[in-house]
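Chemist: Compute the structure for the input listed below.
(chains A and B)
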Number of protein chains: 2
Amino acid sequence: MGSYCHRRYVSKLFQNFGKLQPKAKGDRRANDIGLSCKSHSLMLYNDIIAPGHAGGFHLLPLGLRAMEKLVKLVDREMHNIGGQKVSMTTLAPEALWQKSGRWAAAGSELFTLKDRHQHRFCVSPTHEELFTTLVAALSHLSYRQLPIRLYQITRKFRDERAPKYGLLRGREFEMKDMYTFDTCEETALETYNAVCEAYDRIFSRVGIQFVKVSGDTGLIGGDKSHEYHYLANIGQDTILWCERCGVQMNKELAADDSILPSACQMSAEKCELQQKKAIEIAHAFYLGDKYSKVFKASYRDSAGDKQINCSMGCYGIGMTRMLQAAIECLSTDTQLRWPSCFAPYQICIIPKKDGHRGEEFLKAAELISDSLSKLPNLEGEVVIDDRMNLTIGRRQVDSDRLGFPYIVILGNQALESEPKFEVIDTAKQETVFMGPDQLHDFASQMETITIY
Amino acid sequence: MGSYCHRRYVSKLFQNFGKLQPKAKGDRRANDIGLSCKSHSLMLYNDIIAPGHAGGFHLLPLGLRAMEKLVKLVDREMHNIGGQKVSMTTLAPEALWQKSGRWAAAGSELFTLKDRHQHRFCVSPTHEELFTTLVAALSHLSYRQLPIRLYQITRKFRDERAPKYGLLRGREFEMKDMYTFDTCEETALETYNAVCEAYDRIFSRVGIQFVKVSGDTGLIGGDKSHEYHYLANIGQDTILWCERCGVQMNKELAADDSILPSACQMSAEKCELQQKKAIEIAHAFYLGDKYSKVFKASYRDSAGDKQINCSMGCYGIGMTRMLQAAIECLSTDTQLRWPSCFAPYQICIIPKKDGHRGEEFLKAAELISDSLSKLPNLEGEVVIDDRMNLTIGRRQVDSDRLGFPYIVILGNQALESEPKFEVIDTAKQETVFMGPDQLHDFASQMETITIY
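Modeler: Below you'll find the model as predicted:
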């Protein structure tokens, strides 16, 4: 693209356009009746999201920047395990969902519509049918060409009976869904492990403590379903966790409470099974030939004389849910905090308030912004709080509330012959004074994901 | 993200998984009854897209790579004019569309559905109602904060009566739609010009001859609607074009043919009005207060005592349509050609076929790929055709057909003490022999858009 440097000013950011406006009625009501939670409120209040319909939210500029960074992080890890990205249609013909038996099974959770020719479609919540059909159409597929690992990051739709907690349980959401095709169970489990390792890297990079637990098939033999959770009191799931024997599982696996003690592999008196509330962010699922059999997604074996059904897996990450859950885990009641890798902007520079040297402070801020933005890891990542009618203190409160990982304050010392800036790490609430070179070195070490 | 280098092999690309498979029945039929065209056929045959439903197509890995590059190009230009990117819900409540009068007006082109509570929504084809509502909710908006320029690049839905020509006239499509809010007509026209200049830069960068014509309001005074077209025989629009007086307009503006001569500002005998078929790719539209009045999107004036309706504009680019239209313009009947800025990959390296030195050729290809991929403009842009059981010639035919802008062939000279590679520019069909340093310099000059 050639060099690309463009100053960004806080006064021009969308979330400062209408400050202090009362929030939409619908959401005051959501708060009243307990459908809202800390992260939901913080995201509404700070204009990260805006309400569209019950369970549907617009991602505003800061929210979308965070989402696009998370998308880039996931893209790279999916690509590293040979994932190829596609984008499937949103509408899926009824016939395919009838064939898999899911049209009836999904019931009222499925949004459906008829086109002008009275053909019925669902507005897809997931895409097993379409991906399996796509691979089934590769009629000359050979065992040599497997595994096939395809994924997409697209909007999904589910007519939730009780939408709640903003993006955590919505009716429109962004999801990464990967579908894999292997020769047999053994190779499918290699794929399974590769995807889980990619998930581990993604979650480690985000840096919030996560729990990986056995899912659905855990108790009925095999090790073929796993869920990734963030711990949070508002979570819909309950995790069973024994620190002694190491067992971690979703409580929903236990049909009744009598199964709980047997989940722990220690004798009852030594077991320290705890229950923790958690938000499911991702899952991995070995599907076997459940779909490949129905849709005839098969390959020629090495002898070339037989068609064998592919062994499939599916792997989801709730992208919008992960975004909000991370905020739920990191924020205080009044201060929004982002994982630094997907904070919308990395640095906010606040030059001293208007006065006889106001313009000099602003100019200094612009020069620092230009210089930092030339670092490859900070391209587009620096904003200047140019609301020069406000005190440093007032603007610092705003920046802190919005959760820029770093705030750089230009006070009187910034214009001295050996300038010093106040650099605040908002997560740690620590302040260090730095000169220009030191700031430059410090900033060049920041691990960011840049977008536009 | 840190350094990121990963070799890419043609044998692992999706479009080589099932070669020679018969295409889906539905699309053979499309061809028979004239619903298909050159670009549509080429994209299906080369697995750039796959059929989902009538008018709905999956973007396969190469198609999505091209799309994501186009998205990045558009993002940067929108950002350069102060555009802030958002992502609105896909479902829009009926009430908002009733309010604007478009629920009835859109008629059977609108996909609609009911949720489990019997509330009706449309699956949005455009978002005037939602954007205007969003800005109307900024109740403390001041004249100082305008212009507001918001855009999104998302999937849109339209129940076309006669879907045709693949992505050119589909029922699901990706669209960039920007909505702008200004204080008055004068400032709104500044915005209008800024967006048109950004469009000019985007179209110039893509490099295909485009025509910018007056749209709807051209004949009724003012200069407030423009369309951008690519010339193509399969286009749905007809452009009137006089090379003498310079007039360019959409023929649909002329209610009947008698208006044609008067469209040209020359006297009839000097006028050389031509008619050309064209595909509309983008439009710019000044909306005035049509929507802001209805939804009360207003700002406080400088005296602070009046609420004034914003002057709006809307600006669309048909992203999937542009992708295919570009291919339609550049390709031959058998060879797919991309604008180089959004070709899925920039370079394909073909090492000599297996033989006693087969492994040496492959290794040489990998070293060249590693070295070129370290160039910032070629990160992720080099693929190696590792199908070592095929001759160079056969693989060259494939590469040429798929339209990699450059093919690098490693023949015998590649392993000599002063190695030489055959570098083919597929668009120009020119071949040059280069040594490693020369290739490196040549490659470092390529203007690309990199993604993952």
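Chemist: can you pull the buried residues of stretch A:184-198?
Modeler: By neighbour count on 16 or more other Cβ atoms under 10 Å in any protein chain shown, the buried set for stretch A:184-198 is A:184, A:187-189, A:191-192, A:194-196, A:198. Where C-beta positions appear, they are placed from N, C-alpha and C, glycine not excepted.
Chemist: pLDDT and distance to chain B for those - can I get that in TSV?
Modeler: Shown next, in TSV, are the buried residues of stretch A:184-198 (pLDDT from 0 to 100; distance: Cβ to the nearest Cβ, whole Å):
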residue	pLDDT	distance to chain B
A:Cys184	96	18
A:Thr187	97	15
A:Ala188	96	17
A:Leu189	95	20
A:Thr191	97	14
A:Tyr192	97	19
A:Ala194	97	14
A:Val195	98	17
A:Cys196	97	20
A:Ala198	98	13
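Chemist: could you dump those to CSV with secondary structure?
Modeler: Listed next are those as CSV, based on DSSP: H, G, I helix; E, B strand; the rest coil:
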residue, secondary structure
A:Cys184, coil
A:Thr187, helix
A:Ala188, helix
A:Leu189, helix
A:Thr191, helix
A:Tyr192, helix
A:Ala194, helix
A:Val195, helix
A:Cys196, helix
A:Ala198, helix
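Chemist: could those residues be laid out in CSV, adding distance to A:Pro61?
Modeler: As requested, these are exported to CSV (distance: Cβ to Cβ, whole Å):
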residue, distance to A:Pro61
A:Cys184, 47
A:Thr187, 44
A:Ala188, 41
A:Leu189, 42
A:Thr191, 37
A:Tyr192, 37
A:Ala194, 35
A:Val195, 32
A:Cys196, 34
A:Ala198, 29
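Chemist: So A:Ser142 is in contact with A:Ala303, correct?
Modeler: No: A:Ser142 is beyond contact range of A:Ala303, at 11.3 Å (criterion: Cβ atoms under 8 Å).
Chemist: Which residue ranges of the stretch 101-250 of chain A form strands?
Modeler: A:111-114, A:120-123, A:148-157, A:172-182, A:210-214, A:225-231, A:237-242, A:248-250 (DSSP state E, counting those that start in this stretch).
Chemist: related to what we said a few turns ago, counting neighbours, go ahead and name the busier of A:Ser142 and A:Ala303.
Modeler: Using other Cβ atoms under 10 Å in any protein chain shown, the more surrounded residue of A:Ser142 and A:Ala303 is A:Ser142, with 14 against 7.
Chemist: chain center to stretch A:47-65, what's the gap?
Modeler: How far stretch A:47-65 lies from its chain's middle: 14 Å, per Cα atoms, centre = their mean, to the nearest Å.
Chemist: Briefly note if that stretch comes near chain B.
Modeler: Yes: interface with chain B: stretch A:47-65 contributes A:50, A:52-53, A:56-61, A:64-65 (Cβ under 8 Å from any Cβ of the partner chain).
Chemist: Please save the CA atoms from that stretch in CSV.
Modeler: Output in CSV follows, covering the C-alpha atoms of stretch A:47-65 (Å, rounded to 0.1, in the frame of the first residue of the first chain):
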residue,chain,number,x,y,z
ASP,A,47,-20.3,3.5,22.5
ILE,A,48,-18.4,0.3,21.7
ILE,A,49,-21.8,-1.2,20.6
ALA,A,50,-25.2,0.2,20.1
PRO,A,51,-28.6,-1.6,20.4
GLY,A,52,-30.2,-2.7,17.1
HIS,A,53,-33.0,-5.1,18.0
ALA,A,54,-33.4,-7.5,21.0
GLY,A,55,-30.2,-9.6,20.8
GLY,A,56,-28.8,-7.6,17.9
PHE,A,57,-26.1,-5.0,18.3
HIS,A,58,-24.2,-2.7,16.0
LEU,A,59,-20.4,-2.8,16.4
LEU,A,60,-19.4,0.9,16.5
PRO,A,61,-15.9,2.0,15.3
LEU,A,62,-14.0,1.0,18.5
GLY,A,63,-15.8,-2.3,18.8
LEU,A,64,-15.2,-3.1,15.1
ARG,A,65,-11.5,-2.3,15.4
